[in-house]
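In: Could you look at this predicted model? Sequence included:
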Amino acid sequence: MSLALEFIDKFNQLLGDEAADFFAALNKGEAQKAFRINPLKAKAQAICQSYFEEELTPCPYSPWGYLGQVDGHSPLHQAGLVYSQEASAMAVASVVQAQPGEKILDLCAAPGGKSTQIAADMQGQGLLVANEIIPKRAKILAENIERMGITNALVTNHDPKSLATYFPGFFDKVLVDAPCSGEGMFTKSQAAREGWSKETPLLCQERQKEILSQAVRMLKAGGQLIYSTCTFSPEENEAIIAWLLDQGDFDLEWIDNFPPETISRGRSDWCQSDYDLSACVRIWPHRSIGEGHFIARLKAKDSLNTDQVAPKAKKSRPKKGKRHAGKSKASTYRLLEPEERKTLAALSQSFPNEDFQDRELIAKGDQVWLLPPSITYHMLVEGPLNQLHSLRLGLHLGSLLKNRFQPSYAWAMALAPKATYPQIEISYDDWVNYVQGLTLAYPGNQGWVLLVYQGMVISFGKQVQGTVKNFFPKGLRFHP
Ligand SMILES: C[S@@+](CC[C@H](N)C(=O)[O-])C[C@H]1O[C@@H](n2cnc3c(N)ncnc32)[C@H](O)[C@@H]1O
């Protein structure tokens, strides 16, 4: 399908002589594939390098980014050593420049490309809240957070307005990777082309303003707001930044992360603005690799007026007959009983992990969680977060069963294969068998073990008298 005539007219006017190259890049087909190596996994760089055999070609937008394709059904992918991501999309988290210890919100986070990159930069320290409004997409986000071995994230499923009631003036950085008209996806998606009309950018602009109004409420005075889209229209980019600057609470920050020849600068003349918008960055598919992105970073003034008063705990009022999925009853969270702690300790002594330091353990039903930093049991039960709908509360450790503890897949994914851990090095054929849900045969009787393939942790398994029982989650099983 060809590009809409109104789209062609619009970008002919904006780009002049350059427009033909732009249209040619959009019509060329899918952009260069890329992936990010996950530094949270032990020896990820060396393992990936040996997998590809040839020297990897770096992507200019992230120190962990490379050009090329990783099979979604390969051990590298399953074990979370890589995240497949469109090349220019990696630029966004590079602008966030997440630091260990910060509190960061990724407000429109699914499927998790930027969240997983931000978490890698945070190195497990500080709090990442990864939020997604659409429940199905939030589930995929949670799975990606888990696969990448991230232990300091809270994955939530809220609309921006309701999330803002939980976290007023809370975050050092807020990323809004906004839903947009997706013009960058015209390279690969017929649906994106078909869904575009002259009005689309302005309709998206309305929604982007609503989302940003809520994002600002969650930012600390002096914090940073990062805004990005995968579209080119000025209405959703420069005009949005001018609108934010009009409110008087922000200064635009110069972005200088990338080789200058791979980016273009924001254009004030494209939205008739008096502000100098050249601090913003646009990546074009005809000038660089990838589908294209627009990115801006703003710093909130110290006078930013967010509602700094933490909300009071809300009372749970389940509706008759049906409990709203977004409401977790305060009483369902509890601290572990001493006996339960002992049961868990028996296993955690075999798999000791620094993450356990200074973080609270809680249970909900028989499920045990290691809370992320900055989130406490008190906040979840009696405090402001008691109605928060979360899919992941830090690290899911596993299930308390009668007098025993069954460790989770998430816990395995967060462990490095230390030599002191009980483990079994499995063959490729057994990796194929295990991810399909089959039991394995390895002599021994070690109980819980980490299954490791070529230095990558695959899952927990339970070895009893020469048989390794399968604990690969049913919902994630696949046929490589
Ligand atoms: C560009 S995508 C995010 C991509 C993601 N940051 C990543 O890197 O993987 C925008 C997201 O915003 C979500 N969204 C749609 N409408 C929204 C709204 N009104 N408020 C907040 N998020 C919304 C979409 O479901 C989508 O997941």
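Out: Now that the structure is in, tell me what you want to look at. Numbering: from 1, shown residues only.

In: what residues are up against N445?
Out: Q463, V464, Q465, G466 (Cβ atoms under 8 Å, 6 or more residues apart in numbering). Any C-beta I mention is one placed from the backbone N, CA and C, and that applies to glycine too.

In: Derive a ChimeraX selection command for the buried subset of these.
Out: A single ChimeraX command selects the buried members of the contacts of N445 (16 or more other Cβ atoms under 10 Å):
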select :463
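
In: Out of the contacts of N445, which is nearest to the ligand?
Out: Nearest to the ligand, judged by Cβ to the nearest ligand atom, of those is Q463 at 36.9 Å.

In: The closest one and V449 touch, don't they?
Out: Yes. The pair Q463 / V449 is scored as a contact, 5.2 Å apart, by Cβ atoms under 8 Å.

In: now check stretch 31-46, is it near the ligand?
Out: No. Using Cβ under 6 Å from any ligand atom, we find that stretch 31-46 stays clear of the ligand, coming within 11.1 Å at best.

In: rewinding a little: mutual contacts of Q463 and V449, please.
Out: I424.

In: What is the burial count for K474?
Out: Look at K474: counted by other Cβ atoms under 10 Å, it has 8 neighbours.

In: For it, give me its contacts.
Out: Residues near K474 by Cβ under 8 Å, 6+ apart: G437.

In: The ligand versus that one, what's the distance?
Out: 25 Å (Cβ to the nearest ligand atom, to the nearest Å).

In: Need the pLDDT of that residue.
Out: Note on K474: pLDDT of 96.

In: So, low pLDDT: which residues of this protein?
Out: Counting by pLDDT under 70, the ranges of the chain that qualify are 1, 306-331.

In: Run through the residues of it sitting next to the ligand.
Out: So the chain meets the ligand at 89, 108-114, 132-134, 137, 159-160, 177, 179, 207, 211 (Cβ under 6 Å from any ligand atom).

In: from the middle of its chain, how far away would stretch 7-17 be?
Out: Centroid separation between stretch 7-17 and its chain, computed with Cα atoms, centre = their mean, to the nearest Å, is 34 Å.

In: Would you mind writing the CA trace of that stretch as CSV?
Out: What follows is stretch 7-17, C-alpha atoms only, in CSV (Å, rounded to 0.1, in the frame of the first residue of the first chain):
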residue,chain,number,x,y,z
PHE,A,7,1.1,12.5,4.2
ILE,A,8,3.2,13.0,1.0
ASP,A,9,2.0,16.6,0.7
LYS,A,10,2.7,17.4,4.3
PHE,A,11,6.3,16.0,4.3
ASN,A,12,7.1,17.5,0.8
GLN,A,13,6.3,20.9,2.4
LEU,A,14,8.3,20.2,5.6
LEU,A,15,11.3,18.5,4.0
GLY,A,16,11.6,20.1,0.6
ASP,A,17,14.4,18.4,-1.5
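
In: circling back: mind giving me the PyMOL command for buried ones among the residues of the chain next to the ligand?
Out: The PyMOL command for the buried members of these (criterion: 16+ other Cβ under 10 Å) is given here:
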select buried, resi 89+108+109+110+111+112+113+114+132+133+137+160+177+179+211
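
In: can you list the domains in this structure?
Out: Domains of the chain are assigned by the TED database as 5-300, 417-479.

In: Checking the spatially most central residue of the chain next. Helix, strand or coil?
Out: What sits nearest the mean C-alpha location of the chain, by Cα atoms, centre = their mean, is S115, with 2.4 Å. With DSSP: H, G, I helix; E, B strand; the rest coil as the basis, S115 sits in helix.

In: Just confirm A130 is within a strand.
Out: Yes. Read with three-state DSSP, A130 is one of the residues of a strand.

In: Next up, the contacts around it.
Out: Under the criterion of Cβ under 8 Å, 6+ apart, the contact list for A130 reads D106, A109, G112, S115, L141, I145, A153, L154, V155, T156.

In: shouldn't the fifth one be in contact with V155?
Out: Pointing back at L141 there. Yes. Between L141 and V155 there is a contact under Cβ under 8 Å: 5.9 Å.

In: Name the residues contacting each of those two.
Out: Contact criterion Cβ under 8 Å, 6+ apart; residues shared by L141 and V155: A109, A130, E132, L391.

In: quick one: terminal-to-terminal distance for stretch 420-439?
Out: This stretch, stretch 420-439, spans 24 Å end to end (Cα to Cα, to the nearest Å).

In: mind checking how far that stretch is from the chain centre?
Out: From the chain centre to the centre of stretch 420-439 is a distance of 27 Å (Cα atoms, centre = their mean).

In: and if you look at stretch 147-158?
Out: Distance of stretch 147-158 from its chain centroid, counting by Cα atoms, centre = their mean, is 7 Å.

In: Convert the C-alpha atoms of it to CSV, please.
Out: Output in CSV follows, covering the C-alpha atoms of stretch 147-158 (Å, rounded to 0.1, in the frame of the first residue of the first chain):
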residue,chain,number,x,y,z
ARG,A,147,13.1,-12.5,31.5
MET,A,148,15.7,-9.8,31.7
GLY,A,149,16.4,-10.6,35.4
ILE,A,150,15.2,-7.2,36.7
THR,A,151,14.6,-7.2,40.5
ASN,A,152,13.9,-3.5,41.3
ALA,A,153,10.8,-2.9,39.2
LEU,A,154,7.2,-2.4,40.1
VAL,A,155,5.0,-3.3,37.1
THR,A,156,1.7,-1.5,37.3
ASN,A,157,-1.5,-1.5,35.1
HIS,A,158,-3.1,1.9,35.5
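
In: Which positions within that stretch qualify as buried?
Out: Neighbour-count burial for stretch 147-158 flags R147, M148, G149, I150, T151, N152, A153, L154, V155, T156, N157, H158 (criterion: 16+ other Cβ under 10 Å).

In: ok, now stretch 208-217?
Out: Buried residues in stretch 208-217 (16+ other Cβ under 10 Å): Q208, I211, L212, Q214, A215, V216, R217.

In: helix/strand/coil for the fifth one?
Out: Counting by three-state DSSP, the backbone at A215 sits in helix.

In: tell me the most buried of the domains of the chain?
Out: Across those, averaging neighbours per residue (mean count of other Cβ atoms under 10 Å) puts domain 5-300 on top, at a mean of 20.

In: Spit out the contact partners of H293.
Out: Shown in contact with H293 (Cβ under 8 Å, 6+ apart): S88, A89, A91, V92, G184, S228, T229, C230, V281, R282, I283.

In: Just put those residues in CSV and tack on distance to A300.
Out: Output for those, formatted as CSV (distance: Cβ to Cβ, whole Å):
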residue, distance to A300
S88, 26
A89, 25
A91, 22
V92, 19
G184, 28
S228, 17
T229, 20
C230, 25
V281, 20
R282, 23
I283, 25
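
In: Which members of those are positioned in helices?
Out: Among the contacts of H293, the ones falling in helices (DSSP state H) are A91, V92.

In: Closest one of the contacts of H293 to N27?
Out: Of all the contacts of H293, N27 sits closest to G184, with 13.7 Å by Cβ to Cβ.

In: The closest one touches S288, doesn't it?
Out: No. G184 lies out of contact with S288 (Cβ under 8 Å); the separation is 11.8 Å.

In: hey, what's in contact with both of these two?
Out: With Cβ under 8 Å, 6+ apart as the test, G184 and S288 both reach S88.
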